[in-house]
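> When you get a sec, could you give me coordinates for this:
(chains A and B)
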2 protein chains.
Amino acid sequence: MSAAPDKACAAAQEAAPRIDLARLLARIEALAQVGAIEGGGVCRLALSDEDRAGRDLVAGWMRELGLDVTIDAIGNVVGVRAGREALAPVMTGSHIDTVRTGGRYDGNLGVLAGLEVIAALNDAGIVTRRPVAMAFFTNEEGARFAPDMMGSLVCQGGLPLDEALRTKGIDGTTVGENLARIGYAGDAPVGAREVHAFVELHVEQGPLLEHEGVTIGAVTGVQGIHWTEFVVEGTSNHAGTTPMALRHDAGIVAMQIACHAREVARELSGGQLATVGHMKLTPDLVNVIPNRAEFTLDLRNTDAGVLAEAVQRVFAFAQAAAQAEGVRITHRSLADFAPVAFDERIVSRVEAIARQRGHSVRRMPSGAGHDAQMLARMCPAGMIFVPSVAGLSHNVAEYTHGHDIEAGAGVLLDLLMELAG
Amino acid sequence: MSAAPDKACAAAQEAAPRIDLARLLARIEALAQVGAIEGGGVCRLALSDEDRAGRDLVAGWMRELGLDVTIDAIGNVVGVRAGREALAPVMTGSHIDTVRTGGRYDGNLGVLAGLEVIAALNDAGIVTRRPVAMAFFTNEEGARFAPDMMGSLVCQGGLPLDEALRTKGIDGTTVGENLARIGYAGDAPVGAREVHAFVELHVEQGPLLEHEGVTIGAVTGVQGIHWTEFVVEGTSNHAGTTPMALRHDAGIVAMQIACHAREVARELSGGQLATVGHMKLTPDLVNVIPNRAEFTLDLRNTDAGVLAEAVQRVFAFAQAAAQAEGVRITHRSLADFAPVAFDERIVSRVEAIARQRGHSVRRMPSGAGHDAQMLARMCPAGMIFVPSVAGLSHNVAEYTHGHDIEAGAGVLLDLLMELAG
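Predicted coordinates for the structure are as follows:
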């Protein structure tokens, strides 16, 4: 490109960039076809064949838009659009892996809106001062490999690369072997890139914005997340001949702990959340007392103190329940992330830009974990939320209206341009 | 055989029959190798390839001993040793299918002890007045197809044959297709045979005999069994963004019902038992609120009234818990057997013969369901229990001492000879 285009030419090339909603929705639709499942949802578990196909599709689009695409050793894919100066880039992005019964917006919207911002800048012929980068991070969901947000966590140094690569998933295979298998064990060093600022657009995944009729959420931070896998080991025996008093039933102890966690969440103030999403009994037969129960507990709170109290109360109950039944209980941490506060300047700019564009906006914390909370340890970071219909997420019926997607992508565009200069 | 042997010859042939413990243990060992699993246990789910191999082995032994072997349309295998008169036979038997983590004695002991009684009669050259029959019945455990005790249930008319054949198992295939697949869809009519009396030898599967130092249990009856499969349907959603008050969590409702059933069992008098052995959450992921939970409830009691109360209380709670959470709950009966009382004459004879042989004996109910309770609807029936070490059953570590096996088989031998005349 000429370094000094004449004014007329510059005016023609530098039209005000704008989000092309139809193009963005078409990309969301195309990506949703990869790993599509009944009901309009998507199953692209991290590093599966479906994830590979999704990655190939998005990375192809990134290259088509002229980005310089690199893949790092944990499989994070970053595309950079050069700026006028060789400065640290302004970055956006999210993830494209999904849970087993995922929707088509979670993660994907942030990645494809980033792509749309790049396309809009290209269309308008705008060259920003700083480079603009867009990324998708490996295994944000944690549905196959724990912890979640793995790619961005490794990127910011919170988990050693070799430990991440050795992580075994629900099928017994490792992150490292699956990265190699699908061809995304890249050669770029992890986390070496300096980032000037990071902004992620995401669906709310909760009911608040829709409930209040607000279009844009200026996300103030992310609640703390505490994931534990418990294993209870008792004695398998005949369901018809073993008196209740003589049982060592691993299953009932697991279920008592799950019920207690629900009670603790109810009793604690501050929006404490508790979920038992996974439960596996062994031998899992109608007339055999389980000798083993494996289950997960997901505890979350925006308040680190209350979260710690919830953890303490559930763990104390777990020990007592195991002792009362005469079973052994062990646990391991799958994820433990303290609450994160986003950069106040970015939160304020999300609010201001949303208002400038005529959208209603409110500050709110994020209930879910997001890659942006990992980037927040490296650079000023923030997030933009758009409404989820009926608050549904991790559900094939997840949906966000086109006008809300357009609003969110517009705020992202303006904010990235502002940050990139 | 000559109809009128001379006296010397008759004396030589008719030595007092005796149990050959080594031979019986060798057959138990050989059968335990079919479908052997780690820890010394056995996995021969009904109508599996392993079950076929076990059936082939035992049916082969039956033919070697000269029995007239027939297979009926539900796969029950009966071998008859002719008597002096063409009367209804005295029958013994049990089952050779196991749960997934089964032991080597449950069912197998009763079948192989019956075989040993036949062998002992053969060795001693004894011809009884009535024929002596031994049988193994299809799918006693119910671990693959519900209800349990299916073969003997169909045999006595409690379940229509065509309904049994259409029953789908945990893998979605039917009883009928599996019977055909393994070659045990026989041509003998089901239940056509008149039986004079039925006696089953079985391991106690509970701790009582060992705990009291008693060798023989004279089983007075079998407690009532009520099996239900519940399906809870809620809404899958994100574990981090859905407030507790807005959840429709199928999993927690299932677990609350399980915990409540345990409470009901504790509160009711009369040895009420409650077991949740199977639980399956969907999508079964750490950070997704389950939209579906499937679980089984096994309730048992020797008192039909108390059992009915337990059922009523758990079902009422299930409805209330589902309503409170805003989820849908449905259930279907997998088995519903009223308590059974065995024939008093047979119970008394078990006691008397045990004492004659110098064994300690006590009357007791059976906690588990047994084929004998189905035969009890057709003819005088009873059971002989021998101790289970540590009360373990449906467990690979299930064990019964050789001297107790010898004692039980001896009582069975004497009782069958007495009944056969």
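> what domains does the record give for chain A?
A:7-222+A:340-420, A:224-337 (automatic domain parsing).
> Output those domains as JSON lines; include the columns distance to chain B.
For every residue, glycine as well, the C-beta is placed using N, CA and C. Shown next, in JSON lines, are those (distance: least, CB to the nearest CB, whole Å):
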{"stretch": "domain A:7-222+A:340-420", "distance to chain B": "3"}
{"stretch": "domain A:224-337", "distance to chain B": "3"}
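> B:Trp227: which of these is closest?
domain A:224-337 (5.8 Å; CB to CB).
> residue ranges with poor pLDDT in chain A?
Filtered on pLDDT under 70, chain A yields the residue ranges A:1-14, A:269-270.
> All the helices of it, in order from the start?
A:7-13, A:21-32, A:49-64, A:108-124, A:150-155, A:161-166, A:175-181, A:208-212, A:250-267, A:304-325, A:344-356, A:371-375, A:402-420 (DSSP state H).
> Check which helices and strands the fourth one sits against.
Using 3 or more CB pairs under 8 Å, 6 or more residues apart in numbering or on different chains; DSSP states H and E as the contact test, the elements touching helix A:108-124 are helix A:21-32, helix A:49-64, strand A:77-81, strand A:90-94, strand A:132-136, strand A:197-203, helix A:402-420.
> ok, 10 Å please
helix A:21-32, helix A:49-64, strand A:77-81, strand A:90-94, strand A:132-136, strand A:197-203, strand A:381-386, helix A:402-420 (3 or more CB pairs under 10 Å, 6 or more residues apart in numbering or on different chains; DSSP states H and E).
> Determine which of these approaches A:Thr296 most closely.
Using CB to CB, these put helix A:49-64 closest to A:Thr296, at 21.6 Å.
> chain center to that closest one: distance?
Computed by CA atoms, centre = their mean, to the nearest Å, the chain-centroid distance of helix A:49-64 equals 18 Å.
> helices or strands next to it in the packing?
helix A:21-32, strand A:68-71, strand A:77-81, helix A:108-124, strand A:132-136, helix A:175-181.
> Single out the most deeply packed of the ones you listed.
strand A:132-136 (a mean of 28; mean count of other CB atoms under 10 Å in any protein chain shown).
> How far off centre is it?
With CA atoms, centre = their mean, you get 15 Å for strand A:132-136.
> That strand to helix A:108-124, inter-axis angle?
Using axes from the mean of the first three to the mean of the last three CA atoms, to 10 degrees, the direction of strand A:132-136 lies 150 degrees away from that of helix A:108-124.
> Please name the strands paired to strand A:132-136 in the sheet, noting orientation.
Strand A:132-136 has the following strand partners under DSSP bridges: strand A:77-81 (antiparallel), strand A:90-94 (parallel).
> Can you check which of the helices and strands packed on helix A:108-124 gets nearest to B:Ala36?
Of these, nearest to B:Ala36 by CB to CB is helix A:49-64, at 36.2 Å.
> how about that closest one: buried residues?
Residues A:50-55, A:57-59, A:61-62 are the ones in helix A:49-64 that count as buried (16 or more other CB atoms under 10 Å in any protein chain shown).
> ok, now which ones touch the nearest residue to A:Ala293 once chain neighbours are set aside?
Using CB to CB, 6 or more residues apart in numbering or on different chains and skipping the chain neighbours, the partner closest in space to A:Ala293 is A:Ala254 (3.6 Å). Contacts for A:Ala254 were tallied using CB atoms under 10 Å, 6 or more residues apart in numbering or on different chains; they are A:230-232, A:234, A:276, A:279-281, A:290, A:292-295, A:297, A:318, A:321-322, A:327, A:329, B:255, B:258, B:279.
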